[in-house]
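**Student:** need a 3D model of the sequence below.
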Amino acid sequence: MTFASGLSVDEPVRQENVRVRKANVANWVGLLAATAIFIAVGAGVLWGVQRFIADARHVAHTHEVIASVDAFEARLRDAESAQRGYLLTSQVDYLVAYRSNQAQLQPLLDRLQRLVADNPAQRARVQKMQQLEALREQQIHGNLERYRRGGLEEARSGIDEQVLVVSSQIRLVAQQLIAAERELLDLRDRSSQRSALSLRALALVGIPLGIVLLGLVYLRLWRETRWRARAERRNEEAANRLQQSLAESEGQRAGLAELTAYAGLLQNCISADEAVALTTRLLGRLLPGSGGTVYRIRASRDYAEQLAQWGRHVVDSQALVAPAECWALRRGQIHVNSADEYAARCAHLAPALPDNTGQLACIPLTAQGVQLGFIYISSTGPAVNARMALVHATADQLSMTLHTLSLQEKLRVQSIRDPLTGLFNRRYLEESLVRELARCQRRGLPFSVLMLDVDHFKRFNDTHGHPGGDALLAALGKLLQTQLRAEDIACRYGGEEFTVLLPEAGAEQASLRAEQLLQAIRALRVEHMGHELPAVTASIGIAVAGRDGAEHLLQRADQALYRAKQEGRDRVVVDGQVQASAAGPDGGCDR
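**Tutor:** Residues are numbered from 1 along each chain as shown. Prediction:
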């Protein structure tokens, strides 16, 4: 038997649509790549132009440095020549020419210093040249002074080897400056050549590559146009088939409407039985002529038991089903039971007649990864096969509702119960105290509160550890539940202190109940880790309601408990009156 899972998408159309989407992505990638390449080429050209401009500026700077060095040497030579002419001829014109050339030397050196400011080596050479020029100037001034004093012979006596050394050093430094600048000029020429080669390579590679990418994009666009035309034809064919399928599914609209109404009702269910009853009625209408059973896994997780049933089964199923006996529970998905002897068949089904197997299916009830049960459906007609999608949706809705109701119940219990003792917690105590006190006062009935505290619990805890103390508190919780009336409310107030609300009970009844509790606590024996814990006693304070409110009533009960502790423990104090038990006094007020 084969169950339909709804309308399927036409596979060729889907593949064509996927292919068109991939083509669109490829076209965009190609366009972006071509754009990136052309941007890179443009950026490379801009970078190359900037490099050329920078190299040209550096070359001009180098030529300017060389020209300045040449000008300095020329002015120095002219100054020396004018000085020699003056010494030989005594003509004032030579002296004027000397002074004019000498005045231009320092500005030329200052200009050189500015030009080579970014080059430490060249800057050092210019500084050395300044020092040598100053020394040479001193030598020239010395000769002129000697000439004025003693004539040409006196001036000649001042020209010695030191003069020649200084002049040679000046020429050497100038040559070094020019050589360094020419070396920089060669480096910049080579850099310009490399930039030109890079630009040429970028243009030769990038532009053709970008053109090729654009060509590929245009080719893919042409192919995409053909693909789109073919996809449109197939989409049209698929639309025609879809119309046929929609026409065939017209009968399912009523089922969908019922499923929608069912979902709305299911959300407002307050119990699992109510939700299951709604489900069986719905499935009975959706699957006429079928039989079905809803199974719910018990809290012990050992069996799934029948909750509700509709119709009559083709093949019966057991009332209790172990999870391992149902393939739907084991696999977590719908399992179709086939008549084929080699197929997997659920063990909870009765042996089927050879030629009357029908359609048998188990649908798991699972929510949030938690197995809740399953629905077993059997039918001799095609109803189950035709509406399996609706059945599956119904099972999902029921699963979520059962899971939600279970969580709500757990949260409700956790919100009002103390997990250790099983008694109500303090929050529930405060709500119940106000409610029950108001009820009793409204009806003119008595109302009492018991505050119970375990004697020397801290010492007990220190001796036997927190696990031992927890075991004792848990046993006390069970004891209180067995010793009280159904209408009494026992709560854990905090730590080892308990509170009991006694509606419709006066001081006498409350005292009697308190004495019974003390006797039961003395007789209580607790086993913990294979050993019996020592017996304990308790003290109880009782407050009977008057005209005071709930908070003041608790304070009075607590004060009575405090007095019971002061009077020796293991006793009952009723709102200021002490009622001692059979135990002896035990002074002190340490609880």
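**Student:** can you name the residues bridging to residue 360?
**Tutor:** Residue 360 has these beta-bridge partners by DSSP bridges: residue 337, residue 378.
**Student:** residue ranges of the strands in the stretch 201-350 of the chain, please?
**Tutor:** Under the criterion DSSP state E, counting those that start in this stretch, the stretch 201-350 of the chain contains strands at 290-297, 304-310, 320-321, 335-337.
**Student:** helices along the stretch 101-250 of the chain, start to end?
**Tutor:** Remark: helices assigned in the stretch 101-250 of the chain by DSSP state H, counting those that start in this stretch are 120-157, 161-248.
**Student:** before we move on, back to that, most tightly packed of the strands of the stretch 201-350 of the chain?
**Tutor:** With neighbours taken as mean count of other Cβ atoms under 10 Å, the strands of the stretch 201-350 of the chain reach their highest mean count in strand 290-297, at a mean of 24. From N, CA and C alone the C-beta is placed, and that goes for glycine too.
**Student:** ok so, going back, TSV for the helices of the stretch 101-250 of the chain, including distance to residue 369?
**Tutor:** Putting the helices of the stretch 101-250 of the chain into TSV (distance: least, Cβ to Cβ, whole Å) gives the following:
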stretch	distance to residue 369
helix 120-157	76
helix 161-248	34
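**Student:** sorry, back to before: of the strands of the stretch 201-350 of the chain, which is nearest residue 423?
**Tutor:** Closest to residue 423 of these is strand 290-297 (Cβ to Cβ; 29.2 Å).
**Student:** picking that back up, worst average pLDDT in the helices of the stretch 101-250 of the chain?
**Tutor:** Note on the helices of the stretch 101-250 of the chain: lowest mean pLDDT is at helix 120-157, with a mean of 72.
**Student:** pretty sure residue 469 is touching residue 457, no?
**Tutor:** Yes. Between residue 469 and residue 457 there is a contact under Cβ atoms under 8 Å: 6.8 Å.
**Student:** between these two, which contacts overlap?
**Tutor:** Residues within reach of residue 469 and of residue 457 at once, by Cβ atoms under 8 Å, 6 or more residues apart in numbering, are residue 496.
**Student:** quick one: which of the strands of the stretch 201-350 of the chain is nearest residue 543?
**Tutor:** Within the strands of the stretch 201-350 of the chain, the stretch nearest residue 543 is strand 290-297; the backing value is 46.4 Å (Cβ to Cβ).
**Student:** got CSV for the helices of the stretch 101-250 of the chain, with mean neighbour count too?
**Tutor:** Listed next are those as CSV, based on neighbours: other Cβ atoms under 10 Å:
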stretch, mean neighbour count
helix 120-157, 16
helix 161-248, 14
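**Student:** which stretch among these comes nearest residue 71?
**Tutor:** helix 161-248 (10.6 Å).
**Student:** packing partners of the closest one?
**Tutor:** helix 11-89, helix 120-157 (3 or more Cβ pairs under 8 Å, 6 or more residues apart in numbering; DSSP states H and E).
**Student:** can you redo the ones you listed as TSV with distance to residue 397?
**Tutor:** Formatted as TSV, the helices and strands packed on helix 161-248 follow (distance: least, Cβ to Cβ, whole Å):
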stretch	distance to residue 397
helix 11-89	29
helix 120-157	86
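**Student:** how about the ones you listed, which one is nearest residue 365?
**Tutor:** Taking those one by one with Cβ to Cβ, helix 11-89 is closest: 32.4 Å.
**Student:** can you give me the angle the closest one makes with helix 161-248?
**Tutor:** Inter-element angle recorded for helix 11-89 and helix 161-248: 170 degrees (by axes from the mean of the first three to the mean of the last three Cα atoms, to 10 degrees).
**Student:** ok, which stretches of the stretch 251-400 of the chain are helices?
**Tutor:** Assigned by DSSP H, counting those that start in this stretch, the helices in the stretch 251-400 of the chain fall at 253-266, 272-286, 327-331, 383-386, 388-416.
**Student:** who are the packing partners of the third one?
**Tutor:** Contacting helix 327-331 under the criterion 3+ Cβ pairs under 8 Å, 6+ apart are the following elements: strand 335-337, strand 359-367, strand 370-379.
**Student:** cool, and the last one?
**Tutor:** Helices and strands touching helix 388-416, by 3+ Cβ pairs under 8 Å, 6+ apart, are helix 253-266, helix 272-286, strand 359-367, strand 370-379, helix 426-443.
**Student:** output those in JSON lines, with mean pLDDT and mean neighbour count appended to each entry.
**Tutor:** Listed next are the helices and strands packed on helix 388-416 as JSON lines, based on pLDDT from 0 to 100; neighbours: other Cβ atoms under 10 Å:
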{"stretch": "helix 253-266", "mean pLDDT": "78", "mean neighbour count": "15"}
{"stretch": "helix 272-286", "mean pLDDT": "87", "mean neighbour count": "19"}
{"stretch": "strand 359-367", "mean pLDDT": "89", "mean neighbour count": "23"}
{"stretch": "strand 370-379", "mean pLDDT": "89", "mean neighbour count": "24"}
{"stretch": "helix 426-443", "mean pLDDT": "92", "mean neighbour count": "15"}
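**Student:** how about those in a markdown table, adding distance to residue 315?
**Tutor:** Formatted as a markdown table, the helices and strands packed on helix 388-416 follow (distance: least, Cβ to Cβ, whole Å):
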| stretch | distance to residue 315 |
| --- | --- |
| helix 253-266 | 25 |
| helix 272-286 | 17 |
| strand 359-367 | 6 |
| strand 370-379 | 6 |
| helix 426-443 | 49 |
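**Student:** in stretch 494-511, what counts as buried?
**Tutor:** Applying a neighbour-count criterion of 16 or more other Cβ atoms under 10 Å, one finds 496-505, 510-511 buried in stretch 494-511.
**Student:** so who does the residue nearest the centre of the chain touch?
**Tutor:** Nearest to the mean C-alpha position of the chain, counting by Cα atoms, centre = their mean, stands residue 368 at 21.1 Å. By Cβ under 8 Å, 6+ apart, residue 368 lies in contact with residue 403.
**Student:** gap between it and residue 273?
**Tutor:** Distance of residue 368 to residue 273, given as Cβ to Cβ, to the nearest Å: 21 Å.
**Student:** check residue 520 too.
**Tutor:** Taking Cβ to Cβ, one finds residue 520 at 38 Å from residue 273.
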